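>>> please work out how this folds:
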Amino acid sequence: MPDGLAVDQESCVWVAANSQGKLVRLSPAGEVTATCVVPGAKMTSCPAFGDKDMRTLFITSIADDGSTGHVYRVRVDIPGILRHSYKS
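Take a look at the predicted model:
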């Protein structure tokens, strides 16, 4: 079951594979092009790109059955797309 996603500059979607402890990168054609296993995480959620170059993917894990919630980061080759900033 997917639980959050982020889009990179190649229009690929990074999807949190909940209950599997990993992210999966899907091409626009729906093919799996990369997998990022999060060590020690049973459940992953809410991937988001960040840092100045948008090449850091932040991943949260959900506390569940002995697994604690954390924020992880991984460097990727393809930057994420810039999201709009909130303005009040």
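>>> excluding its backbone neighbours, what's nearest Lys22?
Leaving aside its chain neighbours, Lys22 sits nearest to Val37 (4.6 Å; criterion: C-beta to C-beta, 6 or more residues apart in numbering). Placement of C-beta: from N, CA and C, glycine included.
>>> hmm, the one you found is touching Gly21, no?
Yes. Contact criterion C-beta atoms under 8 Å: Val37 and Gly21 qualify, at 6.4 Å.
>>> neighbour-wise, which of these two wins?
Gly21 (19 against 12; other C-beta atoms under 10 Å).
>>> was I right to think that one contacts Lys42?
Yes. Using C-beta under 8 Å, Gly21 is in contact with Lys42, at 5.4 Å.
>>> anything in contact with each of the two?
Taking C-beta atoms under 8 Å, 6 or more residues apart in numbering as the contact rule, Gly21 and Lys42 both touch Ser61.
>>> any idea how far Lys50 is from Gly30?
Just so we're on the same page, residue 50 is Gly rather than Lys. The gap separating Gly50 from Gly30 is 26 Å, by C-beta to C-beta, to the nearest Å.
>>> so between these two, which is more surrounded?
Gly50 (14 against 7).
>>> local confidence estimate at the more buried one?
Model confidence at Gly50, given as pLDDT, is 93.
>>> what sits opposite it in the beta ladder?
Thr56 (DSSP bridges).
>>> which residues touch it?
Residues near Gly50 by C-beta under 8 Å, 6+ apart: 56-58, 73, 80.
>>> quick check: the farthest pair among those?
Arg73 and Gly80 (12.4 Å; C-beta to C-beta).
>>> neighbour count winner among those two?
Here Arg73 and Gly80 are compared on neighbour count by other C-beta under 10 Å; more neighbours surround Gly80, at 23 against 10.
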